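**Student:** I need the structure of the sequence given here:
(chains A and B)
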Amino acid sequence: MKIIHAADLHIDSPLRGLDRYEGAPVERLRGATRRALENLVVLCIEERADVLLLAGDVFDGSWKDYSTGLFFVAQMARLREANVPVVIVRGNHDAASSVVKALRLPANVHELSSRKPETHELREAGIAVHGQSFSQRITTEDLAARYPDRVPGLFNIGLLHTSIDGREGHEPYAPTSIETMRSKGYDYWALGHVHAREIVSSDPYIVYPGNLQGRHARETGAKGASVITVEGNVVQSVEHRALDVFRWELVTVDAGPATDAQEVVDLVRAGLAARATEVDGRVLAARVVIAGSTRANGAIRRDVERFISEVRGAATDGLGETAWLEKVVVRTRATIDLERIREEASAVGHLARRLASMKEDPKELAELASVLADLDKKLPAELREGEGALRLADPALLRAMLDDVEQMLVPRLLEGGEA
Amino acid sequence: MRLSKLELLAYGPFRGLALDFSAPGIHVVLGRNEAGKSTTLRAITGLLYGIDAKTPDAHVHKNADLRIGGVLEDSEGKRIRVVRRKGNTNTLLDDREQPIDEGVMKRLLGGVSKETFVHAFGLDHDTLEAGAKALLDGKGDLGESLFDASVGGGGEVQRLLAELTAEADKLYKPRGSALPLNDALKSFAEAQKAVREKESRPEAFLEQERGLEEAIRDREARLGTKKELETRRGRLARARRRIPLERRRERIIERRVELGAAFGQTARIDGLKDRFSVYERTVDQRRALLADAERLAQSVAEAARRAGVDPGASAEGLRLDARKEARVHALLAERTTLVDRLEAAGVDIVRLERELARLSELARAVGVESPAEGESKKAGANAATGQALATALERARALGEIEARLAAEAARSDRRTKELESKVATLGLFEGTLEALVALRLPAIVSVERLEARGADVARTIARLDERLLDLEREASSIEKQLAGHSGDFAPPDASALRAARTARDDAWKAVRAATDVAARAAAEVAMEGLLREADAVADRMIREADRVTILARLRSEAETNARQREKVAEEKARAVRDRADLDGELAALFAEAKIQPLGFAEMRQWLDRHARIVAEYATVREARAGLHEEEARVASAKSELARALVAAGLPDASEANKLAELVAFAAQRGAEIEAARRAAEDAARGAVEVRTKLDERVAVRTRDEAALADVIVKLGELTAKLGIPTDATAPEVTRSIEALRDLFDVIDRRADAEARARVADADVRAFEADLARAIAELAPDLASMELRDAAHALFARGTAAKETARELSTVEGQLENEGEVTLDDAERVIVADPEAAERLEEELTERVEELELETSRLTERIGALRNGLEQMRAESHAAEAAATAQLQLSRVREHAERWCRVKLAAVLLSREIERYREENQGPLVAASSALFSRLTLGSFSGIKAGFDDKDRPSLRCVRADGTTEVDVSGLSDGTRDQLYLSLRLASLVRRAGVAESMPLVLDDVLIQLDDQRASAALGVLAEVSRTMQVLFFTHHARLVELARASVPASDLVVHELVSGPYVTQSSAVVAG
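**Tutor:** Now for the predicted structure:
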């Protein structure tokens, strides 16, 4: 028997952090999450899945476009034509979504109740799915604890949208524990909510398949669904299948060996090319971090904008439509010894000492924040909230900026007019 | 830190060049072009901070050999000597080339980085100019100038600050527009709005669905209404159309009534009409026929006359039927035929009789018909002879060719025999006839061959033995030679000789050992050497002699062996030779019986072979000859037979003279002649018989024909008599009479016919007229009074009219049926009756229908659009696209924001730092610079002070000699500005030296723009500075050295000169001031 387990589809939720530039494959960005869902449907059909499990968060909670719902319904209808049953639980986002409320799902899709735990049996396939949907966004009770008993003779699956025991970086959603899940005696726990794929346990299998398509630079690596092969009601294998169309990756480049900016560009290009081959036809959404103490630092810092567009140009040249540089982070350092400079009695030394001391002084940092306050007010809420937010008053950010300022000022003052 | 001594141990072109900078005061280093000034400058930095990986100074010395040495003095006066080599690590060495910790150097450097040393503590002309220009560009901004002077950046500070500020401002301003970040913020907001706008809510979707259903329903309704209206309109139109038709029908019916009875009987009338034309024709015919009959009556009379018949009487009896007529003609023909035939037959018979006579004559001549005695015999004998001749001829012919051949064969046989006989003669070893040779009893070739083989074996053996013998002899001679070599006296030395020699040697050695002085020792050594050699010689000889004995013994034994072997071989050879001789004896024995003396084996073999061939050929020849005789006998017999036959046929016997072939020819010819004559006679006889037969036939036929003719004449007479034709009338006459009769009857018949036809026509006419009268009476009685003919026409006209009417009626009724029945209500009927009203109503209805159509098609469009919209809603999410666009905008915002923040902070912090530096250092720095400036300008300026520019920013101002006039930076000349910058730099450095660890100030030709006076002033200033910090002044120009000497106290000046050359080893001249 073949079971396909996916979660956190977040259909039509836009991919974040991508800046448009000349040569960026904007066309391929369209409908990325939709195409990932289509890939999932094709997978189910080709694998002749006995059931598709969706462990919550099909839509973004705040998303209001009904067309997204219609699209999802159409895809589920394709599965109906192919005789693939689908079992869903609502996650925290679905519980808040207005789209979900108005949606009429096709006959082959069964949504487990949110009022109490429910068992949905698929007799011909020999599967029993137990689960409970979120009724509202914040769910702090342990839903798994009250899940029904296993049905003997069938392959028992627990379907649950949860953060388990308060994993780092997540608010607790339907918190539970591995022991609780084990105690139910199911053969497989199909979880959702954590976007990074993880096999939490293998006895029984407790699996986060991760989301279907990474949405920003922190969700790197292959994304997709899990294919579970079962024989004699025993799990034989849990395979991950990549279904994403946009692959996020972090590419670090050490600019140390380079002597000029062009060499750094070449290093970046080489690094990208190596990664591009790994993504197998998808778009490589790369965040490029260029670091290291390098002689090219002066040239780069002199005109960072130009350098970044040269890097982007090189990426477009070499990789065309297959790569999008989400961001180019310049963290190179000059080859001078800042420590030594800080000890000098000169004006530059004084400047360097000042910058160093500012980083440790919260009052100074706050004063700097006030320089940026005007812009901070104008920044849209979307930038100031959520993961990777840009908060100009954040001391950590200001310290990082001071590092950059150091690199912009000190080498330049010391190295004079060197290009 | 001070640099007490700089040693260019192996650097650039220098080798061991030392520059002693330990003395106080300003050190001026003069290096004319190419002397190595730049190299020396680099050496200083290299010593302190390491030699550059890509140094240009390794052109003489290899990289690994480069060495720069120096003596460094720290602030407490402690000196340390270090040496720098080129490398990656452990480049600092002590005296003994051992690596020392860089910390030593770091301590001495006091934390001054290389960059700082180069920029802050180094000054060349270009930097001076750049710095002065920056002062100008910065409009003498005090903070920037001071800061830049401190950093030694040559204006870099100002440039950097300007760049950062510009970049920040180009990206974003709080109330900016058309700036990237400002725009990005706006675009993002717009994009967000777009997302909200494009969201399709469920209600929107459902609403659209409902709208679609409604539109469909509406359309259906309209279509229904339209149909109804159209139906109604159709009905009204139909009703309207019916009205004229009905009216027409009424009129037609009226007409029908008028036509009366004729209406229903059009068929009948038509029939009469058709017959009418026939009727008229028939009337005419009747008339014509009657006229004919009249005429024909006359013709009858005439024809009767011609036929010789009484016109009045009935001629029927003379009617001749066809059969009889034919018979007459036939008989006539027959009569003519018979007559002709009889004539021909007569001619024929005469001819045949003559032929018969001729042929009989011919046969008799040859004796076939009526033979006489003697003639028949001759013929019979002729026949018999001919036969015998033919037979003999045949036999002879079979043998014909042989004769010729036989002669040739005989000749050949003779030739071969002769050949054989000659061969016998040349064979050799034999004298006698061919026959005798053939009869010899000889051995088989095989036996001879065997003997030959054995002989060859023996010969081979002998040859081999000979060879062996030769080898042995050679060996023997060699042994002899060796023996000779080794012979001679030999006297092996015996053992005692050897002992004596050895003893002598040992004694000599003792003498050597005992020798006291050098001469004696030498002599003893010589003696010893000789005795040593002798002893060795004796020993050698012994050994050699011993060897020789051995060798000789060996040789002798070899000689013996060799001799024995040679004997044996000789024996064998003799044996072989004997064997050979035996073989010869055998051969002779073989040939003894034939009394032939054999030669060698091979020769005898060949001889036997030739003999065999001769024998074989002899046999062949004999056989041939036998055959030949047989044939000759046959030929002779045939010839005699033929000759006999010829004689029998009456020819001379020519057998002796003639050859067979000739005889054959002659006989053949003769035979042929006889045969031909015989055949001719036979033919004639046969011919005669045939002719007789033909003749008899002819005669019989003639007789028959005569009888027939008589018969025909009788019959003919009978027939013609009946017709009144004389019996002897000729055929033409008879024919003419018959024809005339025929004509007569023909005319008679014609007349009868015409009369009959006239009667028929009359009957038809009357019948028709009766019908017509009846019809008129019935159908149009009102016409009865008219003339029949006229009445008829009138009737017909009526008939036609009736038909027309009927047709019209049916048409109208058809049209009415097409329109169909229409039931109208009262109101409608009223409207219909009024054409205007009806038309109006119709127009109204049409208008309404069209309206409905328009509405329907609009609804159809709407339905299509709605459906599309719904499809699209399912297919795409514009909101998602808008959201993606918004995200792109957001990223743009973020990028710009991050960049702006950094740039802004950098600008702000730098400018704050500049300001702080100014505040802290302005006073003393300005004061110090002021003093220096005054001196450098030779007092044309009293100094500088801090003032404010027109924007109220602190700015540098120069005060003229009068103490009050202020000039700002832009008002200075270039040279004066240079000096201003130099003042700032020097002041800054001096101040620093007072505060922290100092380094040597290294100047590279900074005074070249100044005139002598100012240059001197500058040198003076530098000399003073050198009290605070070490000043090393490098220059190309000897003039400056002169000026220095002139303006600087000798105790404060040290001049060094770099001497150029390919390989400088000498130290510089140290010229004390």
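**Student:** Could you identify the longest strand within chain B?
**Tutor:** strand B:2-11 (DSSP state E).
**Student:** In its sheet, which strands sit next to that one, and in what direction?
**Tutor:** Paired neighbours of strand B:2-11 in the sheet (DSSP bridges): strand B:14-20 (antiparallel), strand B:67-73 (antiparallel).
**Student:** what's it in contact with?
**Tutor:** Defining contact as Cβ atoms under 8 Å, 6 or more residues apart in numbering or on different chains, one finds that strand B:2-11 is touched by B:14-22, B:39-40, B:43-44, B:46-47, B:57, B:61, B:65-73, B:79, B:81, B:83, B:1000, B:1030, B:1032. (Glycine included, C-beta is placed from N, CA and C.)
**Student:** Let's verify residue A:392: helix, strand, or coil?
**Tutor:** Secondary structure assignment for residue A:392 (DSSP: H, G, I helix; E, B strand; the rest coil): coil.
**Student:** helices or strands up against the helix or strand containing residue A:93?
**Tutor:** For residue A:93, the element it lies in under DSSP states H and E is helix A:92-96. Using 3 or more Cβ pairs under 8 Å, 6 or more residues apart in numbering or on different chains; DSSP states H and E, no helix or strand is in contact with helix A:92-96.
**Student:** What mean pLDDT does it get?
**Tutor:** Mean pLDDT, computed over helix A:92-96, is 84.
**Student:** ok, now stretch A:259-266?
**Tutor:** Mean predicted lDDT for stretch A:259-266 stands at 89.
**Student:** Off-centre distance for it?
**Tutor:** Offset of stretch A:259-266 from its chain centre (Cα atoms, centre = their mean, to the nearest Å): 30 Å.
**Student:** from the stretch 601-750 of chain B, which residue is nearest to chain A?
**Tutor:** Nearest to chain A, among the residues of the stretch 601-750 of chain B, is residue B:602, at 96.1 Å (Cβ to the nearest Cβ).
**Student:** how about residue B:1056, secondary structure?
**Tutor:** Recorded secondary structure, residue B:1056: strand (three-state DSSP).
**Student:** again, but for residue B:30
**Tutor:** Residue B:30 ends up strand, using three-state DSSP.
**Student:** Could you give the bridge partners of it?
**Tutor:** Beta-bridge partners, per DSSP bridges, of residue B:30: residue B:1035, residue B:1057.
**Student:** give the contact list for it.
**Tutor:** Contact partners of residue B:30, counting by Cβ under 8 Å, 6+ apart, are B:1035, B:1036, B:1037, B:1038, B:1040, B:1041, B:1055, B:1056, B:1057, B:1058.
**Student:** Kindly report the same for residue A:163.
**Tutor:** A:170, A:171, A:172, A:173, A:174, A:175, A:193, A:194.
**Student:** Try it again at 7 Å.
**Tutor:** A:170, A:172, A:173, A:175, A:193, A:194 (Cβ atoms under 7 Å, 6 or more residues apart in numbering or on different chains).
**Student:** Just the buried residues from the residues you listed, in ChimeraX please.
**Tutor:** Only the buried entries of the contacts of residue A:163 go into this ChimeraX selection, using 16 or more other Cβ atoms under 10 Å in any protein chain shown:
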select /A:172,173,175,193,194
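**Student:** re the thing from before, confidence score at the residue of the stretch 601-750 of chain B closest to chain A?
**Tutor:** Looking at residue B:602, its pLDDT stands at 86.
**Student:** wait, residue A:14 sits on residue B:887?
**Tutor:** Yes - at 4.3 Å, residue A:14 counts as touching residue B:887 under the criterion of Cβ atoms under 7 Å.
**Student:** Give me the buried positions along stretch B:519-527.
**Tutor:** So for stretch B:519-527, counting by 16+ other Cβ under 10 Å, buried means B:524, B:527.
**Student:** I'd guessed residue B:890 sits against residue B:189; true?
**Tutor:** No - the pair residue B:890 / residue B:189 is not scored as a contact, 10.3 Å apart, by Cβ under 7 Å.
**Student:** what comes up buried for stretch B:109-127?
**Tutor:** Neighbour-count burial for stretch B:109-127 flags B:109-123, B:127 (criterion: 16+ other Cβ under 10 Å).
**Student:** Number of residues surrounding residue B:448?
**Tutor:** By other Cβ atoms under 10 Å in any protein chain shown, the residues close to residue B:448 number 26.
**Student:** nearest spatial neighbour of it, skipping sequence neighbours?
**Tutor:** Take residue B:448 and drop its neighbours on the chain: the residue closest to it by Cβ to Cβ, 6 or more residues apart in numbering or on different chains is residue B:605, 4.6 Å away.
**Student:** what residues are up against that neighbour?
**Tutor:** Contacts of residue B:605 by Cβ under 7 Å, 6+ apart are B:445, B:448, B:449, B:452.
**Student:** Which one of those residues is nearest to chain A?
**Tutor:** residue B:449 (94.2 Å).
**Student:** Would you list the phi and psi of the closest one?
**Tutor:** When read as degrees, to the nearest 10, the backbone of residue B:449 gives phi -60, psi -40.
**Student:** Tell me the pLDDT of it.
**Tutor:** Predicted confidence (pLDDT) for residue B:449: 89.
**Student:** Check residue B:1073 too.
**Tutor:** Residue-level confidence at residue B:1073 comes out at 38, pLDDT.
**Student:** Equivalent analysis for residue B:763, please.
**Tutor:** pLDDT, residue B:763: 92.
**Student:** Am I right that it sits in a helix?
**Tutor:** Yes - assessed by three-state DSSP, residue B:763 belongs to a helix.
**Student:** neighbours of it, just the number please.
**Tutor:** 11.
**Student:** so how far is residue A:50 from it?
**Tutor:** Residue B:763 sits 113 Å away from residue A:50, going by Cβ to Cβ, to the nearest Å.
**Student:** ok, now residue A:280?
**Tutor:** The value you get for residue A:280 to residue A:50, if Cβ to Cβ is used, is 27 Å.
**Student:** The two: who's more crowded?
**Tutor:** Shown here are residue A:280 and residue A:50; by other Cβ under 10 Å, residue A:50 has more neighbours (21 against 10).
**Student:** The residue of chain A most remote from its centre: helix or strand, and which one exactly?
**Tutor:** Going by Cα atoms, centre = their mean, the residue of chain A most distant from its centre is residue A:345, 47.9 Å out. Following DSSP H and E, one finds residue A:345 outside all helices and strands.
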